[in-house]
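**Student:** Dropping a prediction and its sequence here:
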Amino acid sequence: MKVAPMHSEEEFIQLSALQHYVFCPRQCALIHVEDVWRENLFTVRGDILHEKVETDTYETRGAVKSVRGLRIHSYRLGIVGRCDVVEFCKPNEGGQSPRIVPVEFKVGQPKEDISDKVQLCAQALCLEEMLNTTITRGAFFYGRIRRRHWVELDEELRNQTETIIAAVHALVSRKHVPAVPELIQQYKVTFSQYLQKCKRCSLYDVCQPKGMNERRLHQYMNDLYLT
């Protein structure tokens, strides 16, 4: 069944934007609206790992065919990107179609937030649209723990993923770079709590989150709501 396009290709956003948005909407906007990028230790490690994966090749081992660096997209959701690996597993005797499993390679270990899971789920949504199939789970291979970490692609995760995709589209279409005070208000955390994640961000020097200290934040919020 052909899916009627709801987004033009010019409106497509990168799958990576979803992970950036979950980590920090300001980081997402700086990268995907302002086109700003900087490398740090974490991004370099990730690039090195993906260089080993994104080779546009495939291999077959037994009943599993693995395709590396597969380009994917969804017209319904307006997203585009690549899968590190997609495994096509031959069905059991009497099965109708191969079981499809997206596998994403990551440095480190499973994250506390849902950023990785959202990226994986979005890949599955693309594959489902492209191949007219249903994908029930995907997997990560984390460099630190050196084993697969399975993720069930349930209804809750799918809804969260589509909500985040819509939020990123809104951010990009409005060309809006949210200020730190907006995010503190949105997530209902203190300035110091929000800054904890900034230490891992490659855009720290560009964003300059400490430029908005507690006193200036208080004044900003007063001006925002009292004027």
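**Tutor:** Yep, that arrived.
**Student:** make it CA atoms for all contacts and neighbour counts henceforth
**Tutor:** Will do.
**Student:** Going by residue numbers, what spans are strands in the chain?
**Tutor:** 13-14, 58-61, 64-74, 79-89, 99-106, 137-142, 147-152 (DSSP state E).
**Student:** Now tabulate those in CSV and tack on mean neighbour count.
**Tutor:** Output for the strands of the chain, formatted as CSV (neighbours: other CA atoms under 10 Å):
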stretch, mean neighbour count
strand 13-14, 18
strand 58-61, 11
strand 64-74, 20
strand 79-89, 22
strand 99-106, 22
strand 137-142, 20
strand 147-152, 14
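**Student:** Those: which one's closest to Ser173?
**Tutor:** strand 13-14 (10.3 Å; CA to CA).
**Student:** Now do the closest one: everything it contacts.
**Tutor:** Gly78, Ile79, Val80, Gly81, His169 (CA atoms under 8 Å, 6 or more residues apart in numbering).
**Student:** quick one, what contacts the nearest residue in space to the third one that is not next to it in sequence?
**Tutor:** Distances taken as CA to CA, 6 or more residues apart in numbering put His73 closest to Val80, at 4.2 Å, once the chain neighbours are dropped. With CA under 8 Å, 6+ apart as the criterion, the residues that contact His73 are Ile79, Val80, Gly81, Cys126, Leu127, Met130.
**Student:** any idea how far His73 lies from Thr134?
**Tutor:** 15 Å (CA to CA, to the nearest Å).
**Student:** so how far is Gln160 from Leu127?
**Tutor:** Taken as CA to CA, the span from Leu127 to Gln160 is 18 Å.
**Student:** try Cys126
**Tutor:** Using CA to CA, Cys126 is found at 15 Å from Gln160.
**Student:** Over to Gly62?
**Tutor:** Counting by CA to CA - Gly62 and Gln160 are separated by 35 Å.
**Student:** When the two are compared, which one has more neighbours?
**Tutor:** Higher neighbour count among Gly62 and Gln160: Gln160, with 14 against 8, using other CA atoms under 10 Å.
**Student:** pull the helix or strand with minimum mean pLDDT from the chain.
**Tutor:** Across the helices and strands of the chain, mean confidence by mean pLDDT, DSSP states H and E is lowest for helix 41-51: a mean of 48.
**Student:** quick check: domain ranges of the chain?
**Tutor:** Per the record, the chain has its domains at 9-177, 179-227, by automatic domain parsing.
**Student:** Out of those, which is the most enclosed?
**Tutor:** Between the domains of the chain, domain 9-177 has the highest mean count of neighbours, a mean of 17, where neighbours are mean count of other CA atoms under 10 Å.
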